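Asker: show me how the following folds:
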Amino acid sequence: PPLTEDWDKDLHPHRAIIKNGKLYGRGGADDGYAIFAAVNSIKVLQSLNRPYPRCCIVIEGSEESGSPDLMYYIDKLKAKIGVPRVVICLDSGCQNYEQLWMTVSLRGVFIAELKTQLLSEAVHSGDSGLVRDSFHVMRLILDRIDNAWTGESLKELTVQIPPSHVQYAKDCAECIGEAVYTQLPFCNDECVPQIPECKQSKEKLYELVLNRTWRPQVTVTGVDGMPGLKGGNVLRKYTTLKLSVRIPPSMDPQVAQTAFKKACEATPTPFGAKVECRIPGHSGAGFVNPEFEPWLLASLQRASKTYFSGKPAQ
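Answerer: Purely as a prediction, here's the structure:
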């Protein structure tokens, strides 16, 4: 949904508005801008009479739904597309507007629906003490797969991070400093990032970057079996959570899903509860950028320094 009420008073999701030199509007960052950026990049070269190689622009409209049709058309058009020397994907972000940024990895993702149940029907909460609430069971199952304090996940969902990507994280943290986490809209000044010591020491900032780019993380995105604040004094039958699970860029989603489901449903379950972990169809593999060829890296650095007054690419 456009969430119109959450936009600033002078902005609107369905109107393109330039404010302080930046374009605001729904799709302006992810991913409606892509076709305009791709076409204009070629147009600029043409206007400057600069030579450029053959360019093939592929636009799809279902990225947020998992790109179910993309590979069909890539295969169908492969004769026209040919074998590219460089592929540039316009679907990422940047940490500031002061230099050129490149995404060197992207985590994979899958969705899980985790259900815990102790009762065949709801009973009055006056019976609490005789039986645990299904949400308490849920808390214990979540502890199996996610450390609530650190975000550390299953060992089976972790991989060895390549040294070059550890260095990328350190370079990024060195470049933007505390903005690694201060860019987030914390609700007050007392809130701290996932690695609390990063608020006092900059030496660990790169670990936050690795958390966001290489380490598995679990996010609760939906709930079922639980009413809103008008709920009565009832011990409910079950609790179901919808989970978004980010996995390392190099991990096979099928392997990750199998390990995740196995850990959730492992017996004995807390209080002998019925625990089900359903994995719907939607999942996406991650991406690890191959090492840059010297000519390409040199070209990117030259472009960044030329356009951004000497600032190197990151």
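
Asker: for the protein, what spans make up the helices?
Answerer: 34-47, 70-76, 78-81, 134-145, 163-176, 179-182, 205-213, 253-265, 294-307 (DSSP state H).

Asker: Cys89: which of the ones you listed is closest?
Answerer: Minimum separation from Cys89 across these (CB to CB) falls at helix 34-47, 8.8 Å. Quick note: C-beta positions are derived from backbone N, CA and C, even for glycine.

Asker: so for that closest one, mean pLDDT?
Answerer: Averaged across helix 34-47, the pLDDT comes to 90.

Asker: output it as CSV, restricted to C-alpha atoms.
Answerer: C-alpha atoms of helix 34-47 as CSV (Å, rounded to 0.1, in the frame of the first residue of the first chain):
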residue,chain,number,x,y,z
ALA,A,34,15.7,2.3,-13.4
ILE,A,35,14.5,2.7,-17.0
PHE,A,36,15.0,6.4,-16.9
ALA,A,37,18.5,6.1,-15.4
ALA,A,38,19.5,3.5,-18.0
VAL,A,39,18.2,5.5,-21.0
ASN,A,40,19.6,8.8,-19.7
SER,A,41,23.0,7.3,-19.1
ILE,A,42,23.2,6.5,-22.9
LYS,A,43,21.6,9.9,-23.8
VAL,A,44,24.4,11.7,-21.9
LEU,A,45,27.1,9.9,-23.8
GLN,A,46,25.3,10.7,-27.1
SER,A,47,25.0,14.4,-26.1
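
Asker: distance between that helix and the chain's centre?
Answerer: Chain-centre distance of helix 34-47: 28 Å, with CA atoms, centre = their mean, to the nearest Å.

Asker: ok, and for that helix, which residues are buried?
Answerer: The neighbour-count criterion (16 or more other CB atoms under 10 Å) identifies 34, 38 as the buried residues of helix 34-47.

Asker: quick one: contacts of it?
Answerer: Residues outside helix 34-47 that contact it (CB atoms under 8 Å, 6 or more residues apart in numbering) are 51-52, 55, 57, 59, 90-91.

Asker: with stretch 3-19 instead?
Answerer: Contact with stretch 3-19 is made by 2, 23-26, 28, as judged by CB under 8 Å, 6+ apart.

Asker: just the buried residues of these.
Answerer: Among those, the ones that count as buried by 16+ other CB under 10 Å are 24-26.

Asker: turn the contacts of stretch 3-19 into JSON lines, columns for distance to Ser41 and pLDDT.
Answerer: Below are the contacts of stretch 3-19 laid out as JSON lines (distance: CB to CB, whole Å; pLDDT from 0 to 100):
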{"residue": "Pro2", "distance to Ser41": "28", "pLDDT": "62"}
{"residue": "Leu23", "distance to Ser41": "16", "pLDDT": "83"}
{"residue": "Tyr24", "distance to Ser41": "22", "pLDDT": "86"}
{"residue": "Gly25", "distance to Ser41": "20", "pLDDT": "83"}
{"residue": "Arg26", "distance to Ser41": "23", "pLDDT": "80"}
{"residue": "Gly28", "distance to Ser41": "17", "pLDDT": "73"}
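
Asker: tell me the two of the residues you listed that are most distant?
Answerer: Pro2 and Leu23 (16.4 Å).

Asker: what's the span of stretch 25-45, first residue to last?
Answerer: Criterion CA to CA, to the nearest Å; first-to-last residue distance in stretch 25-45 is 27 Å.
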